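*Asks:* no FASTA, just this:
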């Protein structure tokens, strides 16, 4: 039984709630039992009447309490379950799990898959067979129902496809199914043609549950190039509240790696389904764009691949030197410039500078002589796919190039001198053009009547000439010839690029011819009929998650169907390469509109996230028990038995508890005052009582020596708890290292780092210098403990360190053990010893740490009566070592408290000398 | 069960509370006497009466050392009791006295027995004749009388809900001490006092109450029962009764004060949570006044 989101395991028990009114009457009639008290004073009570006559009934609030408790118990035992799952009509029929499987599924594929696996697991528990089908990849042989558990792993390996499901095909497929099964349909939430048909078909087989939901769907239409700006339109299926999506422009950075070139924000106004972003990018950047993608939505629909339609071709125009002062209109490049400028990026400059920029086309206007290396470089560039277009001219006609032997950069051999027709001193009329032959790239262009040629260079007859001619004059002489060189082409116009030799550059035909030669860019997607007869090969395929992959199988498709065929397994979205360009097939077309899927009324639609079922039995029973406890207290209170004589005690406890914090604070203050009245040496409490006692005794010994010998007069040392105590009161911390010392908390580390920054010093003592070997366990522990401390680079105490002369002149720093190196902060790298000075000029700072293993505390330690606690060495030598240990302690404290003062003293003679005293 | 065993058990039951009670009473009495001596002020009589040789049972501290030093025999100096009197004690040992509101408090009858016996000890030491008002233990003096009193006090327990003073064997110039909670019928007390004052008997009324009887710290639905269980009173909100109960208690005290004053008696209220010595001192002083 299910009531709202709550189901009951044993709903029959809920009939027990009917007993509540009876209980009400019973409870109401029975007031709480009286206490029987022996009381001699009863003689005085006789005859006294109670004030309230009705109070022999149970008070109403107690009644409510008890009723609630009983009701909670009854409901609790009825086994309530919040969000019960598996409450759908139990069925033994096989379960068909249907994914739409298109790109829109990719946006939360993991959640869908997990949900499907849950459904499979549940079907497995119920012993149902199951099958999983993706509509974008329909199984040919129909649905194969297998044990549900077997599907689990297969589902983990499933990924959606980039193309949209074909519901018409799916409906036809579904009609051929047989048997009876239930369907769990994971819909991507988008409306497709034929979706209702499939639903109708599936309904004939059994119950259908639809699962929808998840993240909102966004998609990008293909980019449009317009007015120097790239316009991208983001769409969404539902008009909703306003939303912003970020659109990132991906491209190759100069290092050739994919990176984000620009980011724009598409702002969906509330109620809008479209939002446009315009990107204005430099041509350099624009040519590198590979795709547009909505950030955070890694689906094929949210990805718009860029193809050659975006690219502006780079054309290098080179002419012979401008030694002649000519009119602009006579410039060999003027007409080329005007024809190409709107659609391509023009480069000019020296050939040597242009070639490394790898332009798409190089136009050489009347340039005859190229150096050997230039020829080699250009040939290499052409062989890699470059297009070299040459125009003839007086120089070319006068030169010997390609006269006897075909020049590699000329498509044909030329006769000497060229010819003129229709001129004042020549015969004949200026020649018009022949219609273009079928194998010519210019085939189909209409030739204006006014295009005539007055002069040209003439090709030598050659066996190969005929196939190289792509345009000819009316008398059959070649006008434009072409040859392939490697992957590229060399094209020669046998006329000049200006109007000197012909009227061709003045006509619109010139521009069209340049376009056909792919010199100017394809600004628009070609029409399907333009692509007729071409073959396109898939180069990269887009997966549902919006990433490009190399295609595993060769996909070829005819040009005429490329742009109109529905995207499918046979024609996945991606980049397709044709004869002269790349075309990107995107999931979204320019006119695609996303619409939310609509389902007929009565369809069971569930959310993607499954609220886990929560059993409420425990909480209900606990609550019931709590209410009963309350009832006990209330009954006790009613009968006057609640407040025993224990009240004063508990009151005392409360009072004490409230008094305690004040004590602690007072204690803190006392501690602070105590340790700041005098200098106090402190050691870190390690938790090892033996070590702590030794440290305490050691510092006591050092304190005594300091008091006896120096003007430092510390009071008794204290142990500090890193977690609890304030460290800034102490100029110096002695930290003996033990192996099993717990790591201080993060707050304690922060405190320690603050302490070190603020000028405190910590003497780390690993106490293991007596153990031979490189590194003892304590050193490892030190490494662990000090890992989070800001410790500067260290070095062994150099001979001129201020510690060697802060009070006593020392070169050894023994403790109970002698010999292990002692480390301090390294001197700054630039410190050099000045000639004639005994020490380097190392004036700045007190080393924040001193690290050693000589167990100084043991050498310093004295017991309460002032006797040495630990032996050091043997005999007099040992006592000498102890003395040096004390001296080290004194020096250390001097260094801590006076800083670099002692180091400065070194310079006193020099200072005095400078003062002339 | 055989007679012998019953007897033995009875004897054991009897003797069990007896020595502690006597010892406790003597200890209590000793503090009073000690204090009196310390102030160099005589007790019930301050004139020398006689020396008598110390006998078995006399305490060493009663020996008059100055007199004894003159001879080989120890003497006890006895003082004259100017008007030798009989004191009749009526300790209320009824059921209602067996009440104690807390485990750390003595029952009322324990306090009554203790005070009565301690007073008897004092009086006997002072040479008075002490007896119980129930006429089974007529006034007498001496250690034996003390033992007898102790036995009577230790064993006695009246099967009444509330004790009614019963003063028998009243003779003129007898002093009477009534120790009770006076929770019972006040008329009986009045009658007894009337009878006593008719015969020229004066004395003291000591009302012993438990603190709970003064404070009435009860709440909620309660059935109050007398100690014997014969009287019952049920209430639903005991807290509401407190005020009226306390009023009645105050009225009872006023009544007792009035009765005492009318018949020349003295009245005092004593609580079991205060020291027994206070009660003893007051009784002692009350009897000193003539």
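*Replies:* All right, it came through fine. The model shown is predicted, which means the values in this text are computed figures rather than measured ones.

*Asks:* the domain parsing of chain B - what is it?
*Replies:* With domains defined by automatic domain parsing, chain B comprises B:46-80, B:86-288.

*Asks:* which of the ones you listed sits closest to chain A?
*Replies:* domain B:86-288 (2.8 Å; C-beta to the nearest C-beta). (Each C-beta comes from the backbone N, C-alpha and C, glycine too.)

*Asks:* end-to-end on the closest one?
*Replies:* 13 Å (C-alpha to C-alpha, to the nearest Å).

*Asks:* for that domain, what is the average pLDDT?
*Replies:* The average of the pLDDT scores along domain B:86-288 is 83.

*Asks:* quick check: which element contains the nearest residue to residue A:505 once chain neighbours are set aside?
*Replies:* In space, and not counting its chain neighbours, residue A:505 is closest to residue A:335: 3.8 Å by C-beta to C-beta, 6 or more residues apart in numbering or on different chains. Residue A:335 is part of helix A:334-340 when elements are defined by DSSP states H and E.

*Asks:* and the next element down the chain from that helix?
*Replies:* strand A:345-347.

*Asks:* residue closest to the middle of chain A?
*Replies:* Centroid-nearest residue in chain A, with C-alpha atoms, centre = their mean: residue A:296, separated by 9.4 Å.

*Asks:* that one: what's it in contact with?
*Replies:* Applying C-beta atoms under 8 Å, 6 or more residues apart in numbering or on different chains to residue A:296 gives the contacts A:245-246.

*Asks:* what's the pLDDT at it?
*Replies:* 81.

*Asks:* would you indicate which residues of stretch B:89-104 are buried?
*Replies:* B:89-101 (16 or more other C-beta atoms under 10 Å in any protein chain shown).

*Asks:* pull up the distance across that stretch, start to finish.
*Replies:* This stretch, stretch B:89-104, spans 27 Å end to end (C-alpha to C-alpha).

*Asks:* and what of stretch B:160-173?
*Replies:* So stretch B:160-173: terminal residues 29 Å apart, C-alpha to C-alpha.

*Asks:* buried ones in stretch A:189-207, by neighbour count?
*Replies:* For stretch A:189-207, a neighbour-count test (16+ other C-beta under 10 Å) marks A:189-190, A:192, A:195-199, A:201-202, A:205-207 as buried.

*Asks:* the residues you listed: which two are farthest apart?
*Replies:* Pairwise distances across the buried residues of stretch A:189-207 peak at 24.5 Å for A:190 and A:206 (criterion: C-beta to C-beta).

*Asks:* from memory residue A:192 sits against residue A:169, does it?
*Replies:* No: if you go by C-beta atoms under 8 Å, residue A:192 and residue A:169 don't touch, sitting 11.2 Å apart.

*Asks:* relative to chain B, which of the buried residues of stretch A:189-207 is nearest.
*Replies:* For the buried residues of stretch A:189-207, with chain B as the reference and C-beta to the nearest C-beta as the criterion, the closest is residue A:207, at 62.1 Å.

*Asks:* the closest one and residue A:602: what is the separation?
*Replies:* Plainly put, residue A:207 is 11 Å away from residue A:602 if you go by C-beta to C-beta, to the nearest Å.

*Asks:* residue of the stretch 801-917 of chain A closest to chain B, please.
*Replies:* Residue of the stretch 801-917 of chain A nearest chain B, by C-beta to the nearest C-beta: residue A:864 (47.0 Å).

*Asks:* just the local confidence number for that residue, please.
*Replies:* Reported pLDDT for residue A:864: 85.

*Asks:* number of nearby residues for it?
*Replies:* For residue A:864, the neighbour count with other C-beta atoms under 10 Å in any protein chain shown is 8.

*Asks:* mind telling me what element it is part of?
*Replies:* With secondary structure defined by DSSP H and E, residue A:864 is part of neither a helix nor a strand.

*Asks:* what's the neighbour count on residue A:569?
*Replies:* Neighbours around residue A:569, by other C-beta under 10 Å: 11.

*Asks:* ok, now residue A:82?
*Replies:* Residue A:82, neighbours per other C-beta under 10 Å, totals 15.

*Asks:* my read: it touches residue A:619, true?
*Replies:* No: with contact defined as C-beta under 8 Å, residue A:82 does not reach residue A:619; the gap is 9.7 Å.

*Asks:* that older thread, same list (the domains of chain B) but as a markdown table, adding distance to chain A.
*Replies:* As requested, the domains of chain B are exported to a markdown table (distance: least, C-beta to the nearest C-beta, whole Å):
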| stretch | distance to chain A |
| --- | --- |
| domain B:46-80 | 38 |
| domain B:86-288 | 3 |
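
*Asks:* could these go into CSV alongside distance to residue A:92?
*Replies:* Below are the domains of chain B laid out as CSV (distance: least, C-beta to C-beta, whole Å):
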stretch, distance to residue A:92
domain B:46-80, 106
domain B:86-288, 62
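
*Asks:* excluding its backbone neighbours, what's nearest residue B:257?
*Replies:* residue B:267 (5.1 Å).

*Asks:* look up phi and psi at that neighbour.
*Replies:* phi -130, psi 140 (degrees, to the nearest 10).

*Asks:* circling back to that earlier point, so what's the residue nearest to residue A:505 up against?
*Replies:* Per C-beta under 8 Å, 6+ apart, neighbours of residue A:335: A:497-499, A:505-506, A:510.

*Asks:* hmm, back to that, among the domains of chain B, which is nearest residue A:735?
*Replies:* Comparing those by C-beta to C-beta, domain B:86-288 comes nearest, at 56.1 Å.

*Asks:* low-confidence stretches in the stretch 651-800 of chain A?
*Replies:* Low-confidence segments of the stretch 651-800 of chain A, defined by pLDDT under 70: A:651-666, A:773-775.
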